[in-house]
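A.B. asks: Take this sequence and fold it.
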Amino acid sequence: MKLLHLADLHLGKVVNEISMLEDQKYILSQVIDLIDEEKIDAVMMAGDIYDRKVPPEEAVALLDDFLSKLAAKKVPVLMISGNHDSDERLNFGSRIFSKNGIYVAGKYNGQINKVTIEDKYGPVNFYLMPFTERNQVEYYFPDDDTSTYEAAVNTALSHTGIDYSERNILLAHLFAISGTSEPELSGSETSAKNVGTIDKVSSGLFSEFEYTALGHIHRPQKVGSENVRYGGSLLKYSLNEINQSKAFTIVTINEKGTGPDINLIPIKPLHEMRELKGNFDELMKPENIEFPDDYIFMTLKDKTPIADAYAIAESRYKNLMGLRYDNSESKLADTEEINEGESGRDFSEMMADFYKKILGREPEDDEWKILNEVAKEAGVTE
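C.D. replies: Residues are numbered from 1 along each chain as shown. The predicted structure is shown next:
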């Protein structure tokens, strides 16, 4: 049985005020083609289907279109919620969907749903464990050990009645580690050490499954062994993912006891994400404009700030995502690292801090004059 392991679609995601919806639509169309090319028997979607609990209408429409195409191909879909999803919204209509081969587990209700699909070797059982918090397991099993998140997951699995003599696959959305080794993060995950307030879980907990399809970590990778893997996000969502390779994870399940075969197929995005470094004038020369449609983070080496640098750069690169300075007189400062609207601090303190982070100094008198005039016009100060 050949399976496609997807995770962390984050449909509707906006990165630095740029909607990724068209990019996501482009990738999902590749998934449809891939199913035919690779003769995929079922699609696993391991959580964070949407980017937020109340997704925009366009994101809902995109998922609807994607699932409709999979249903038309009669390819079973096994989908769970992640910490970004609304379990109630994702669970809505799940009983109707199942009649069309789309199996959704959006909310933990004291049991882990089981779906069985047959191949030439017999049944393969899929266990769908949606994003679940420790207190949810404790509610259903108050007399069992739920003192840690790992204990709670173990309790949930122990009440599932899994026959480990058969071939079993688990879908889960959590933070798994192997021994003391943690998975490599991408930077665009929320809550690096925890997944939305839950703790780490040892991958050894899943050792008896033929394969465990994990979601949450955005870099495709195994956790300890090949049969416990993160599918990873389909797109790059942050600056430190620029050199990361995204891939479709194809899993072939063989006879019991033989282990899965893993094949990673590189993803070609609609727009690549790049970082450009150099002096502003050089980067703006027409002959140096190589990727005008890509997502660009620009790092300038100029010693002093360039007037209207962002606006000028954006006129050359319409998908400019960020601009920062890195030179001997300034501290490298990503706009994502500047805290906005910190309570208890006035405008002058925040501007002084901003300048220190960008240029390593406070504003000069003429700069303070301009800043105060702009702040007053904007209603920030009186």
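A.B. asks: right, and Ile169 touches Ala213 too?
C.D. replies: Yes. The pair Ile169 / Ala213 is scored as a contact, 6.7 Å apart, by CB atoms under 8 Å. Bear in mind the C-beta positions are built from the backbone N, C-alpha and C, glycine included.
A.B. asks: In this protein, where's the longest helix?
C.D. replies: If you go by DSSP state H, the chain has its longest helix at helix 21-38.
A.B. asks: what's the angle between the next helix or strand along the chain from it and helix 21-38?
C.D. replies: Downstream of helix 21-38, the next assigned helix or strand under DSSP states H and E is strand 42-46. Interaxial angle, strand 42-46 versus helix 21-38 (axes from the mean of the first three to the mean of the last three CA atoms, to 10 degrees): 140 degrees.
A.B. asks: residues making contact with the longest helix of the chain?
C.D. replies: 2, 4, 6, 9-13, 40, 43, 56, 58-59, 62, 66, 69-70, 73, 75, 234-235, 248, 250, 265, 267-271 (CB atoms under 8 Å, 6 or more residues apart in numbering).
A.B. asks: got the contact list for the spatially closest residue to Pro220 that is not a sequence neighbour?
C.D. replies: Sequence neighbours aside, Gly232 is the residue nearest to Pro220 in space, at 3.3 Å (criterion: CB to CB, 6 or more residues apart in numbering). Contact analysis of Gly232 by CB under 8 Å, 6+ apart lists Ala7, Asp8, Ser186, Ile217, His218, Arg219, Pro220, Gln221, Lys246, Ala247, Thr249.
A.B. asks: wait, what's in contact with the last one?
C.D. replies: Meaning Thr249. Leu4, His5, Leu6, Pro220, Arg229, Gly231, Gly232, Ile262, Asn263, Leu264.
A.B. asks: Then the third one?
C.D. replies: Applying CB under 8 Å, 6+ apart, one finds that Ser186 lies in contact with Ile217, His218, Arg219, Gly232, Ser233, Lys236, Tyr237, Ser238, Asn240, Glu241, Gln244.
A.B. asks: how close does it get to Arg219?
C.D. replies: The gap separating Ser186 from Arg219 is 5 Å, by CB to CB, to the nearest Å.
A.B. asks: ok, now Ile49?
C.D. replies: Distance from Ile49 to Arg219, by CB to CB: 19 Å.
A.B. asks: more neighbours, the two?
C.D. replies: More crowded of Ile49 and Arg219, by other CB atoms under 10 Å: Ile49, with 29 against 19.
A.B. asks: Let me see the contact set for that one.
C.D. replies: Leu9, Leu11, Leu63, Met79, Ser81, Gly82, Asp85, Leu90 are the contacts of Ile49 under CB under 8 Å, 6+ apart.
A.B. asks: Ok, Ile250 next?
C.D. replies: Lys2, Leu3, Leu4, His5, Glu38, Ile40, Ile262, Asn263, Leu264, Ile265 are the contacts of Ile250 under CB under 8 Å, 6+ apart.
A.B. asks: Apply 6 Å and report the result again.
C.D. replies: Leu4, Glu38, Asn263 (CB atoms under 6 Å, 6 or more residues apart in numbering).
A.B. asks: what about the spatially closest residue to the last one that is not a sequence neighbour, which SS state?
C.D. replies: If the residues on either side of it in the chain are set aside, Asn263 comes closest to Ile250, at 4.4 Å by CB to CB, 6+ apart. Classification of Ile250 into helix, strand or coil gives strand, according to DSSP: H, G, I helix; E, B strand; the rest coil.
A.B. asks: Check the secondary structure at Leu171 for me.
C.D. replies: strand.
A.B. asks: Show the buried residues in the contacts of Thr249.
C.D. replies: Leu4, His5, Leu6, Pro220, Arg229, Gly231, Gly232, Ile262, Leu264 (16 or more other CB atoms under 10 Å).
A.B. asks: Go through these and name the one nearest Ile370.
C.D. replies: Nearest to Ile370 out of these is Gly232 (CB to CB; 45.1 Å).
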